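**Q** Sequence and predicted model, in that order:
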Amino acid sequence: MPGPADRVHAVPDTVITVSRRAALGGATVAVAATAGCQWGPPDSVSAPAAKRDADATTVDHLVAEIAAQARLVADVATTHVGLATALGPLTALHRAHLAVLTDQAPAAPSVMVPARPDAALAAVRRGEAGLQRSLTAGARKAASGPLARSLASMAAGVAMHLAAAPTPRSASKGGQA
Amino acid sequence: MTTDLTPLQTAVAGEHAALWVLGVVGAQAPEDSTLRERVTTAYRLHRAQRDHLIARITALGGTPVPAEPGYMLGDVSAQTAGYAAALEVEQKAAAIYADLVAHTTGSDRSWAVTALVECSIRQLWFRGSPEIFPGTSELANR
């Protein structure tokens, strides 16, 4: 039975069906080459070598930022166990995003976790908002179209999780460590 | 600068369909209901997106694709069905804008990124759950 909005899908289909590698286009050449990975089909929105290098640098920076934010979330969840369940979706989000961007996520150093749960949660939310801005900026400047699409989707995913994440007020009501 | 009008035309066709569906859902939602309020807001936002796309295609020398006379839609008289239809609209719009991101550069891409993020957040208005890769099902399903 057709879905309620199937005509939305009936418009010309331009969905890019690509493998993980192709989704990143040439952007992660430097990253994956060091891991000896195979590459998928060439990026349909091909970019000159210099721009591919710029994309690889962008991906490197984003991987480091996501890993750092993932570490903050983990440390907050460990310090404030009352927040652990609420932060679980963010942990899954970061893990999935890193898996698309790199074969081996870097180990981020521990961070200072605020003593109060509401302050810790506020720090997490600030970090997620910053990560959303970085992913958005990466999508805007990527030379590779598929990479831009992937980063924009990740930015949207962070935005959705941030909108659904607990706020410091709700944490101080029910999320005490 | 975008040179290929096809992805913009795809997006405007999607917005025509989105507006049609949201119009029907909104008309059948109970007055003063949360669904009516949210669908009305979503309708206005999608109309603004459609108008932007039409203006952009026109500025690039193209003729925007017109809306279809009608679209397929199941019974949305029950609020649960209305929520589901509105959610599906936003999910499909997110996919369309994710593709527009891939096929554009410059200001067109920036606009598409914003549209993707906004469609994704609106999924939460219609009882959707946060997604890890909104608009890019192959990344979510790999």
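**A** Nice, thanks for sending it over. Numbering: from 1, shown residues only, chains lettered A, B, ... in the order given.
**Q** I'd like the average pLDDT over stretch A:133-150.
**A** Model confidence over stretch A:133-150 averages 97 on the pLDDT scale.
**Q** Could you do stretch A:80-87 as well?
**A** Throughout stretch A:80-87, pLDDT has a mean value of 96.
**Q** does chain B sit close to that stretch?
**A** No. Applying CB under 8 Å from any CB of the partner chain, one finds stretch A:80-87 out of contact with chain B, separated by at least 12.2 Å. Quick note: C-beta positions are derived from backbone N, CA and C, even for glycine.
**Q** Between the two ends of that stretch, how far is it?
**A** 10 Å (CA to CA, to the nearest Å).
**Q** ok, residue A:139 touching residue B:101?
**A** Yes. Taking contacts as CB atoms under 8 Å, residue A:139 lies within contact range of residue B:101: 6.2 Å.
**Q** more neighbours, those two?
**A** For residue A:139 versus residue B:101, neighbours defined as other CB atoms under 10 Å in any protein chain shown are more numerous around residue B:101 (34 against 28).
**Q** what comes up buried for the helix or strand harbouring residue B:80?
**A** Using DSSP states H and E, residue B:80 maps to helix B:79-102. Residues B:79, B:81-102 are the ones in helix B:79-102 that count as buried (16 or more other CB atoms under 10 Å in any protein chain shown).
**Q** Likewise for stretch A:69-79?
**A** Those would be A:69, A:70, A:71, A:72, A:73, A:74, A:75, A:76, A:77, A:79, for stretch A:69-79 by 16+ other CB under 10 Å.
**Q** before we move on, what about stretch A:133-142?
**A** Across stretch A:133-142, burial judged by 16+ other CB under 10 Å covers A:134, A:135, A:136, A:137, A:138, A:139, A:140, A:141, A:142.
**Q** For chain B, tell me which of the residues you listed show up nearby.
**A** Among the buried residues of stretch A:133-142, chain B is touched by A:136, A:139, A:140 when using CB under 8 Å from any CB.
**Q** Quick check on the closest residue to the last one other than its chain neighbours: phi, psi?
**A** Using CB to CB, 6 or more residues apart in numbering or on different chains and skipping the chain neighbours, the partner closest in space to residue A:140 is residue B:110 (5.1 Å). Geometry field for residue B:110 lists phi and psi as phi -60, psi -40, criterion degrees, to the nearest 10.
**Q** Residue B:110: neighbouring residues, count only.
**A** By the criterion of other CB under 10 Å, residue B:110 has 18 neighbours.
**Q** Likewise for the one 5 residues further on?
**A** For residue B:115, the number of neighbouring residues by other CB under 10 Å comes to 28.
**Q** for the helix or strand where it lies, what is the average pLDDT?
**A** According to DSSP H and E, residue B:115 maps onto helix B:106-125. On average, the pLDDT along helix B:106-125 is 98.
**Q** Quick one: neighbours of residue 126, just the number.
**A** No chain specified, so I'll use chain A. Counted with other CB under 10 Å, residues neighbouring residue A:126 total 12.
**Q** Let me rephrase: I mean chain B.
**A** With other CB under 10 Å as criterion, residue B:126 counts 21.
**Q** Tell me how many other residues surround the closest residue to residue A:101 other than its chain neighbours.
**A** Among residues not flanking residue A:101 along the chain, residue A:63 sits closest, at 5.1 Å (CB to CB, 6+ apart). Residue A:63 is flanked by 20 other residues according to other CB under 10 Å.
**Q** Residue A:168 against residue A:114, yeah?
**A** No. Assessed by CB under 8 Å, residue A:168 is found out of contact with residue A:114, at 10.3 Å.
**Q** what about the two, which has more around it?
**A** A count of neighbours by other CB under 10 Å puts residue A:168 above the other of residue A:168 and residue A:114, at 18 against 15.
**Q** State the next helix or strand along the chain beyond the one helix or strand residue A:60 maps to.
**A** Element membership for residue A:60 (DSSP H and E) is helix A:49-79. Per DSSP H and E, the first helix or strand lying C-terminal to helix A:49-79 is helix A:84-101.
**Q** which stretches of chain B aren't confidently modelled?
**A** B:1-3, B:142 (pLDDT under 70).
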